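S.K.: sequence? don't have it. structure:
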């Protein structure tokens with residue numbers, strides 16, 4: 001078999017021309033990528049992040065480390081405060097339950113009364129300073145976090 005057996009040569013004809021088939025319109029797939037507006041917005045977000053990172057990196061290393069140490073100290077202080085608060089809560093609960101047992105009051109009644117009192121404070125109905133043990137500043141602090149605290153006492 002020779003090459004000429006497989007090859008056909010068509011004579012040139014000015015009337016006949018090759019017209020390629022029309023391409024089917026491409027549907028935008030999910031993998032096509034973001035639109036121009038989305039790309040511009042993403043670029044602006046990344047630019048802001050890079051600028052913030054550059055601001056941190058422009059500081060001397062000793063300032064960066066000092067900021068980190070301050071943050072660690074603050075976190076440790078809050079952690080210790082949380083531990084102290086939990087300790088005092090457990091101790092006061094124990095005292096309340098011991099006194100209640102001496103008076104013949106059940107634990108359920110103590111908890112119910114505690115919830116009633118907590119809700120009274122949250123609703124502003126109890127502004128008593130309890131003999132100086134709850135300062136007005138503490139009541140103001142509770143008021144600032146009232147919405148969060150209400151969720152805890154439901």
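M.R.: Nice, I can see it. These numbers were taken from a predicted model, which means no experiment stands behind them.
S.K.: need the contact partners of whichever strand or helix holds residue 112.
M.R.: Residue 112 is part of helix 107-122 when elements are defined by DSSP states H and E. Outside helix 107-122, the residues that touch it by C-beta atoms under 8 Å, 6 or more residues apart in numbering are 96-97, 100, 126, 139, 142, 146, 149-150, 153. From N, CA and C alone the C-beta is placed, and that goes for glycine too.
S.K.: okay, buried residues for that helix please.
M.R.: Residues of helix 107-122 classed as buried: 110, 118, 121-122 (neighbour count, 16 or more other C-beta atoms under 10 Å).
S.K.: ditto for stretch 88-103
M.R.: Buried residues in stretch 88-103, defined by neighbour count with 16+ other C-beta under 10 Å: 96, 100.
S.K.: return the distance of it from the chain's centre.
M.R.: Relative to the centre of its chain, stretch 88-103 is centred 37 Å away, using C-alpha atoms, centre = their mean, to the nearest Å.
S.K.: same thing with stretch 78-87?
M.R.: The gap between the average C-alpha position of stretch 78-87 and the chain average comes to 23 Å, counting by C-alpha atoms, centre = their mean.
S.K.: what's the mean pLDDT across that stretch?
M.R.: This predicted structure assigns stretch 78-87 an average pLDDT of 85.
S.K.: mind listing residues that contact that stretch?
M.R.: Taking contacts as C-beta under 8 Å, 6+ apart, no residue outside stretch 78-87 touches it.
S.K.: could you give the mean pLDDT of the helix holding residue 112?
M.R.: With pLDDT averaged residue by residue, helix 107-122 scores 86.
S.K.: what's the following helix or strand after that helix?
M.R.: Next in sequence after helix 107-122, counting helices and strands by DSSP H and E, comes helix 136-144.
S.K.: sorry, back to before: got TSV for the buried residues of helix 107-122, with distance to residue 57 too?
M.R.: Compiled in TSV, the buried residues of helix 107-122 are given as follows (distance: C-beta to C-beta, whole Å):
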residue	distance to residue 57
110	56
118	48
121	47
122	46
